[in-house]
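Chemist: generate coordinates for the sequence data below:
(chains A and B)
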Protein chains: 2
Amino acid sequence: MAQRIASETLAERVCNGDPRAMARLITRAESGERECRAALAALYRRTGRAHVVGITGVPGAGKSTLVSQLARTIRETGRRVAVIAIDPSSPFSGGAILGDRIRMSDLVQDPGVFIRSMATRGSLGGLARPALDAVDVLDAGGFDLVFIETVGVGQDEVDVVRAAHTTVVINAPGLGDDIQAIKAGILEIADVHVVSKADRPDANRTVRELKSMLMMSMPEAPDAWQVPVIPTSSETLSGFDELLAALDRHREHLHGSGEIDVRRRRIASTRVVKIAEEIVRESFYRAHPDRIETMIERVVERELDPHGAALELLATVKERIRYDEQAV
Amino acid sequence: MAQRIASETLAERVCNGDPRAMARLITRAESGERECRAALAALYRRTGRAHVVGITGVPGAGKSTLVSQLARTIRETGRRVAVIAIDPSSPFSGGAILGDRIRMSDLVQDPGVFIRSMATRGSLGGLARPALDAVDVLDAGGFDLVFIETVGVGQDEVDVVRAAHTTVVINAPGLGDDIQAIKAGILEIADVHVVSKADRPDANRTVRELKSMLMMSMPEAPDAWQVPVIPTSSETLSGFDELLAALDRHREHLHGSGEIDVRRRRIASTRVVKIAEEIVRESFYRAHPDRIETMIERVVERELDPHGAALELLATVKERIRYDEQAV
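Modeler: You can find the predicted model right below:
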């Protein structure tokens, strides 16, 4: 019988750049295994080097093809790149049509590229906590850039993308009006705007519209970051050098302006809150099932209101934490 | 100076069917005011009569127009209907084009219809807790049907829709492949499938495809609920009587089969967990800012890992609860 490798050993191998150890540790983090928490905590001290880039956009914007091509552009500069895909329509996450998979096969075979898809639905703790644990693993593993790719439509998805140093929003020319309205909701989180499918005749109009929208909200300070709008085409392969240059320039801006500290605090805050929420959910779904069942029955029978029940639940969390600490 | 009406008084007026009191109490619940919690707890005992229907679908499926027409169909039977819209592209939530607002104006003037939009982004506690508080208010207020309308793409949105007795998924003919992939993620939560825009020539194909997908996953038990696929057209106004009949039939099925108890427990569970999560987030963002700031700084400096910080945060929640109870 194959012996299970301790998470601490995996963490050491991760720091030596072993991609298989990264994949395994991410799997343990994703499934919420308690055993790997100490290893992740140790690993955390080795992070902070990678440029973490969140990439979002509406479905149909050609986001995944764009990320593949951007990854190739990065590889041409010799840097290593990892992609965490939590977009259900992404070819990385399993939503691919055959053509996508064929176009991606060169990436999958390149050891300087790490691709990881993560399940989004039905996971107990939401997608943020495991995705951001995965960022740590890949950061400690020596990747220069780590992309988090998602569809920016749910709150949890937006939280994940905002837990990056640089946020890229992908826009497509000619999507319907009601989709544009959703896009408006994520307009303001962009550090870099991309208009994909720039080979299409209506792309220029989208670029102009975005630029004029941005003009209205531009900060006045002369040293403020000016959000660029970059047209790219996965057909003609144009715009990707410019996009990578914009990412690098934004990183320099973050460090030069001190904005990086603001972002780091925001990222740390998101992570702490998401983990705390997950512990609360675990207390609900995994600990003391009998007690929880009785409590829910009282809520259903209207003997107890939901807020009162939530307070009762939180009172049990402390016990749960103690149990956790003994188990580790 | 106008005196502020106590939430307890509003709750009494809600139970007497006063729509303005409902609107005000929902606003207080939405903003997370602690003062209204006791009133909501009291109100909770008066709930359980309304048929709560979650309606979701991808953007562009014509969901809002459909909900408007369905509301009219319900009014023709004399029943009262409330709509809680948490879809950023919905005309109820402010994403309307002018035509939508004109088409809806008859509903807005009808006292048997209550329409409420809720903000989705940036709210501290997510959208589930305030939306489900609003359901309680409208249920206690005597509405026969309460719709929760959202875009089924984020986890929080899906949770809200699943916290209904009956879940309707709106499909549109001829949407792109990558949108279909997302749709697949919400396929299995439907009690009733609708194909909107049934006047379009490709609608029949979508109906057939959905039916064959459902055939494959149909349960074998002879008394199990058979998920219907109902074509509707907001152009020709066809299919809405059938859709309302399906909602009524599903409600009868829930009560006849005892499935209603399963759903009620699921709804209660969702609510308790969402409220507990919100209390945790409040502890983070509102209580002890200095202490939290120091903690985050230690995470940024990698002296403390995020999981350790989450445990520290949860230890402060208990203090926070005590503070809450004193404040009420």
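
Chemist: what about the strand or helix carrying residue A:20 and chain B, touching?
Modeler: Assigned by DSSP states H and E, residue A:20 falls within helix A:19-30. No: if you take C-beta under 8 Å from any C-beta of the partner chain as the test, helix A:19-30 misses chain B, and the best it gets is 10.5 Å. C-beta: built from backbone N, CA, C; applies to glycine.

Chemist: buried ones in that helix?
Modeler: For helix A:19-30, the neighbour count (16 or more other C-beta atoms under 10 Å in any protein chain shown) marks A:19, A:21, A:22, A:24, A:25, A:26, A:27, A:28, A:29, A:30 as buried.

Chemist: pLDDT for those residues - can I get that in JSON lines?
Modeler: JSON lines is the format used below for the buried residues of helix A:19-30 (pLDDT from 0 to 100):
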{"residue": "A:19", "pLDDT": "94"}
{"residue": "A:21", "pLDDT": "96"}
{"residue": "A:22", "pLDDT": "96"}
{"residue": "A:24", "pLDDT": "94"}
{"residue": "A:25", "pLDDT": "95"}
{"residue": "A:26", "pLDDT": "93"}
{"residue": "A:27", "pLDDT": "90"}
{"residue": "A:28", "pLDDT": "92"}
{"residue": "A:29", "pLDDT": "90"}
{"residue": "A:30", "pLDDT": "86"}
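
Chemist: just confirm residue A:194 is within a helix.
Modeler: No: using DSSP: H, G, I helix; E, B strand; the rest coil, the secondary structure at residue A:194 is strand, not a helix.

Chemist: what residues are up against it?
Modeler: Residues counted as contacts of residue A:194 (C-beta atoms under 8 Å, 6 or more residues apart in numbering or on different chains) are A:57, A:66, A:168, A:169, A:170, A:171, A:229, A:230, A:231, A:232, A:239, A:243.

Chemist: of the buried residues of helix A:19-30, closest to chain B?
Modeler: If you rank the buried residues of helix A:19-30 by distance to chain B using C-beta to the nearest C-beta, residue A:29 comes first, at 10.5 Å.

Chemist: flag the least confident of the contacts of residue A:194.
Modeler: Taking those together, the minimum pLDDT is found at residue A:57 (82).

Chemist: bridged to it, which residues?
Modeler: With DSSP bridges applied, residue A:57 shows beta-bridge pairing to residue A:170.

Chemist: hmm, it is touching residue A:167, no?
Modeler: No: if you go by C-beta atoms under 8 Å, residue A:57 and residue A:167 don't touch, sitting 10.9 Å apart.

Chemist: which of those two has more neighbours?
Modeler: Between residue A:57 and residue A:167, counted using other C-beta atoms under 10 Å in any protein chain shown, the more crowded position is residue A:57 (28 against 25).

Chemist: flag the shaky bits of the stretch 101-250 of chain A, pLDDT-wise.
Modeler: A:101-104, A:119-126, A:152-155, A:175-185, A:218-219 (pLDDT under 70).

Chemist: repeat that for 80
Modeler: A:101-106, A:108, A:119-127, A:151-159, A:161-162, A:174-188, A:216-222 (pLDDT under 80).

Chemist: tell me where it has strands.
Modeler: Using DSSP state E, counting those that start in this stretch, the strands of the stretch 101-250 of chain A run over residues A:113-117, A:145-149, A:166-171, A:192-195, A:229-231.

Chemist: which one of these lies nearest to residue B:313?
Modeler: Set against residue B:313 and scored by C-beta to C-beta, those come closest in strand A:145-149, at 23.3 Å.

Chemist: what angle separates the closest one from strand A:166-171?
Modeler: Strand A:145-149 runs at 40 degrees relative to strand A:166-171, counting by axes from the mean of the first three to the mean of the last three C-alpha atoms, to 10 degrees.

Chemist: tell me which residues touch residue A:84, please.
Modeler: A:116, A:117, A:118, A:131, A:134, A:135, A:138, A:146, A:147, A:148, A:149.

Chemist: if you set the cut-off to 10 Å instead, what comes out?
Modeler: Applying C-beta atoms under 10 Å, 6 or more residues apart in numbering or on different chains to residue A:84 gives the contacts A:26, A:52, A:54, A:92-93, A:114-118, A:127, A:130-132, A:134-135, A:137-138, A:146-150, A:160.

Chemist: kindly report the same for residue A:148.
Modeler: By C-beta under 10 Å, 6+ apart, the contact set of residue A:148 is A:52-56, A:82-87, A:118, A:127-128, A:131-132, A:134-135, A:157, A:160-161, A:163-164, A:167.

Chemist: and the gap between it and chain B?
Modeler: Between residue A:148 and chain B the computed distance is 15 Å (C-beta to the nearest C-beta, to the nearest Å).

Chemist: same thing with residue A:295?
Modeler: Remark: distance between residue A:295 and chain B (C-beta to the nearest C-beta) = 7 Å.

Chemist: swap in residue A:266?
Modeler: Using C-beta to the nearest C-beta, residue A:266 is found at 9 Å from chain B.

Chemist: could you pull out the helices for the stretch 1-150 of chain A?
Modeler: Using DSSP state H, counting those that start in this stretch, the helices of the stretch 1-150 of chain A run over residues A:7-15, A:19-30, A:37-44, A:63-76, A:98-108, A:128-140.

Chemist: of the buried residues of helix A:19-30, closest to residue B:306?
Modeler: Among the buried residues of helix A:19-30, residue A:29 lies closest to residue B:306 (C-beta to C-beta), at 11.7 Å.

Chemist: with adjacent residues omitted, what lies nearest to the closest one?
Modeler: residue A:133 (3.9 Å; C-beta to C-beta, 6 or more residues apart in numbering or on different chains).

Chemist: next, count neighbours for the one you found.
Modeler: 25.

Chemist: now residue A:285
Modeler: Using other C-beta under 10 Å: residue A:285 sits among 13 other residues.

Chemist: and the pLDDT for it?
Modeler: What the model reports for residue A:285 is a pLDDT of 79.

Chemist: just checking, it touches residue B:276?
Modeler: No: the pair residue A:285 / residue B:276 is not scored as a contact, 11.7 Å apart, by C-beta atoms under 10 Å.

Chemist: show me the contacts for residue A:141.
Modeler: Residue A:141 touches A:13-19, A:21-22, A:25-26, A:43, A:46-47, A:50, A:80, A:82, A:114, counting by C-beta under 10 Å, 6+ apart.

Chemist: quick one, which of those are buried?
Modeler: A:13-15, A:19, A:21-22, A:25-26, A:43, A:46-47, A:50, A:80, A:82, A:114.

Chemist: tell me the one among those residues nearest to residue B:247.
Modeler: residue A:26 (42.9 Å).

Chemist: how far away is the closest one from residue A:249?
Modeler: Distance of residue A:26 to residue A:249, computed by C-beta to C-beta, to the nearest Å: 30 Å.

Chemist: can you check residue A:239 too?
Modeler: Using C-beta to C-beta, residue A:239 is found at 15 Å from residue A:249.

Chemist: compare the two (neighbour count), which wins?
Modeler: Applying other C-beta under 10 Å to residue A:239 and residue A:249 shows that residue A:239 carries more neighbours, namely 22 against 15.

Chemist: for that one, which non-adjacent residue is spatially closest?
Modeler: That would be residue A:232: by C-beta to C-beta, 6+ apart, it lies 3.3 Å from residue A:239.
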